[in-house]
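[1] Need coordinates for the below:
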Amino acid sequence: MNPTTNEIQSIAILPELILSVAGIVVMLADPFLGAKSNRRPLGYLALAGTVAALFATAMQRSSPGASYFRVIQVDDFSVFFHFVIIAITAVVTLSSLDYLEQQRIRAGEYYALLLFGTVGMCLMTSARELLMLFIALEISSIATYVLAGFRLRSAASAESSLKYFLLGSFATAFFLYGVALIYGATGTTNIPAIAAKLAEGSTTGLTVMALALMIVGMAFKISAAPFHVWTPDVYEGAPIPVVALMSTGPKAAAFALMLRVLFGAFGSLNEWWMPLIWVAAVLSMTLGNIGALMQNNVKRMLAYSSIAHAGYVLVAFAAQKEAGVSAAIFYTATYAAMNVGAFAVASYQAGEGERYVSIDDFAGLGRRSPVLATTLTIFMLSLIGIPLTGGFFAKFYVFKAALASDMIWLTVIGVANSAIAAYYYLRLIVVMYMKEGDESTPLLPVPVSVATGLLVAAGLTLYLGILPESTLDFAIKGARQLLLIH
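    Residues are numbered from 1 along each chain as shown. Here you go, the predicted model:
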């Protein structure tokens with residue numbers, strides 16, 4: 001029996017509906033808990049919402065197509081990113097349960113904002129209308145602006161939230177102005193329709209200006225150089241689980257948005273945006289890794305690392321077409337698994353007030369908490385790109401796509417940057433196992449919630465490194481559908 005139009009439309013946004021309802025339930029349940037009572041039950045409600053949303057995402061594969069006046073597109077591309085983003089939110093929720101208690105934060109709306117932000121991220125991956133993309137971008141951004149300032153007793157957290165809000169608003173304005181200009185040039189904001197207009201040869205100065213402004217807005221969201229300067233300061237001040245979300249979820253959604261815009265709407269103008277992506281990739285890899293080398297704060301080190309990894313993904317963008325798009329999709333999923341895991345370790349290691357976030361504070365972690373040290377080692381090795389981890393195949397596919405596009409120098413620069421990055425990742429591993437920590441520092445028993453989140457992240461990191469074929473096939477199908485639709 002074929003599904004009706006209403007059923008298809010309901011399934012098209014079913015994960016977003018579930019996440020929204022779960023967020024509303026969390027908000028309604030919060031006042032019924034006492035002012036001093038634990039908010040952990042609200043976290044479990046949020047976690048249940050993410051699990052239900054993952055099942056709803058799996059259902060979407062049976063009902064592909066465009067819905068709601070062809071504004072929402074359900075295909076393997078959108079389903080893949082839904083899985084990635086919702087899984088990130090689930091792991092962040094698990095790592096937040098004990099973190100909020102540790103930091104004495106009793107704010108139930110924290111979990112609701114996580115869910116509402118995830119709704120925006122998911123819509124960013126399935127929208128094929130520029131105005132819908134903008135609305136989804138704002139839903140995601142507003143939630144993360146607030147979450148960045150959740151350490152209310154910390155001036156650094158307030159500064160982080162304010163910086164993120166101000167600079168993010170400017171970036172969003174660039175993107176929206178670009179949308180207005182492309183509407184003026186083509187008379188539509190529908191991505192396939194824009195692609196059809198531009199393919200007819202109607203390229204004007206207005207079109208090129210729209211493309212440039214939208215690239216600026218998207219480059220900010222993925223923290224690509226030279227629009228990366230906000231990243232270290234914002235990551236340093238924000239709560240660590242929120243940084244885990246910011247460095248993976250919104251970034252994955254922004255990469256999905258960027259793939260739809262560049263390969264969809266502006267696919268025929270690749271000779272215009274290709275040099276810009278090439279330069280941004282080189283700058284991001286180089287400046288990110290050099291900046292990370294000079295950091296002693298783990299949060300700032302991982303912030304610069306995220307800039308460098310944005311550069312690696314942009315290498316795949318520069319490679320173009322199916323191989324490049326599928327490599328970018330696979331890399332985004334792999335980076336999400338290993339980075340959210342690394343921040344999950346840091347969030348529990350940090351202690352009350354996030355006092356222990358320097359690299360030296362990780363000294364002796366191998367003795368104090370073998371679980372934290374072992375999982376962090378897996379994530380660091382994967383970030384380097386060591387075989388049997390997801391990071392190895394992620395970089396392999398990216399550089400393979402670049403070589404297939406005859407981008408020899410870009411590949412050489414990427415490989416050289418990977419060698420530079422190995423130093424600061426290995427430095428953290430050496431400190432954990434080969435440097436004695438303060439003997440007065442207590443052992444760190446790992447709570448069940450933290451251990452579960454780490455197990456999921458570490459398991460996915462190893463799975464993508466040992467058995468990457470099924471995930472890569474999924475990414476290739478998503479890439480083909482993206483390029484076919486547009």
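
[2] before we move on, which element is Ile139 in?
    helix 130-147 (DSSP states H and E).

[3] so where do the helices sit in the stretch 101-250 of the chain?
    In the stretch 101-250 of the chain, the helices defined using DSSP state H, counting those that start in this stretch lie at 109-126, 130-147, 155-186, 191-199, 205-221, 231-237, 240-246, 249-260.

[4] Low-confidence stretches in the chain?
    Within the chain, the segments meeting pLDDT under 70 span 1-9, 35-36, 202, 437-444, 485-486.

[5] just the strands in this structure please.
    Remark: strands assigned in the chain by DSSP state E are 65-67, 72-74.

[6] which one of those strands is the most hemmed in?
    strand 72-74 (a mean of 23; mean count of other Cβ atoms under 10 Å). C-betas here are computed from N, CA, C, even on glycine.

[7] Which strands or helices does it pack on?
    helix 5-12, strand 65-67, helix 109-126 (3 or more Cβ pairs under 8 Å, 6 or more residues apart in numbering; DSSP states H and E).

[8] Could you rerun that using 7 Å?
    Here strand 72-74 touches strand 65-67, helix 109-126, going by 3 or more Cβ pairs under 7 Å, 6 or more residues apart in numbering; DSSP states H and E.

[9] re the thing from before, can you list the buried residues in the helix holding Ile139?
    By 16 or more other Cβ atoms under 10 Å, the buried positions in helix 130-147 come out as 130, 132-134, 136-147.

[10] now do stretch 377-397
    Neighbour counts over stretch 377-397 (16+ other Cβ under 10 Å) mark 377-385, 389-395, 397 as buried.

[11] again with stretch 278-296
    For stretch 278-296, burial by neighbour count (16+ other Cβ under 10 Å) applies to 278, 280-289, 291-292, 295.

[12] Looking at the residues you listed, which are in helices?
    If you go by DSSP state H, the buried residues of stretch 278-296 have 278, 280-289, 291-292 in helices.

[13] just to revisit the earlier point, and of the helices of the stretch 101-250 of the chain, who's closest to Leu372?
    helix 240-246 (13.3 Å; Cβ to Cβ).

[14] what's next to the closest one, contact-wise?
    Contact with helix 240-246 is made by 88, 92, 95-96, 99, 114, 144, 147-148, 150, 235, 238, 299, 340, 343-344, 346-347, 350, 354, as judged by Cβ atoms under 7 Å, 6 or more residues apart in numbering.

[15] cool, stretch 327-338 as well?
    By Cβ under 7 Å, 6+ apart, stretch 327-338 touches 80, 84, 88, 248, 252, 255, 259, 309, 312-313, 316-317, 319, 379, 382-383, 390-391, 394, 397-398, 401, 457, 460-461, 464, 471-472, 475, 478-479.

[16] re the thing from before, could I get the helices and strands packed on strand 72-74 as a markdown table with distance to Tyr335?
    Putting these into a markdown table (distance: least, Cβ to Cβ, whole Å) gives the following:
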| stretch | distance to Tyr335 |
| --- | --- |
| strand 65-67 | 29 |
| helix 109-126 | 15 |
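
[17] and among these, the most buried is which?
    helix 109-126 (a mean of 27).

[18] Just list the residues touching the residue lying closest to Leu464 once chain neighbours are set aside, thanks.
    In this structure, Leu464 finds its nearest non-sequential neighbour in Gly390, 3.1 Å apart by Cβ to Cβ, 6 or more residues apart in numbering. Counting by Cβ under 7 Å, 6+ apart, Gly390 makes contact with Thr334, Ala337, Met338, Ser382, Thr461, Leu464, Gly465.

[19] residues contacting Gln295?
    Gln295 neighbours (Cβ under 7 Å, 6+ apart): Met301, Tyr304.

[20] Asn38: which of the buried residues of helix 130-147 is nearest?
    Closest to Asn38 out of those is Leu147 (19.6 Å), distances taken as Cβ to Cβ.

[21] mind listing what that closest one touches?
    Leu113, Val242.

[22] roughly how far apart are it and Val456?
    Distance of Leu147 to Val456, given as Cβ to Cβ, to the nearest Å: 21 Å.

[23] same thing with Thr203?
    According to Cβ to Cβ, Thr203 and Val456 sit 46 Å apart.
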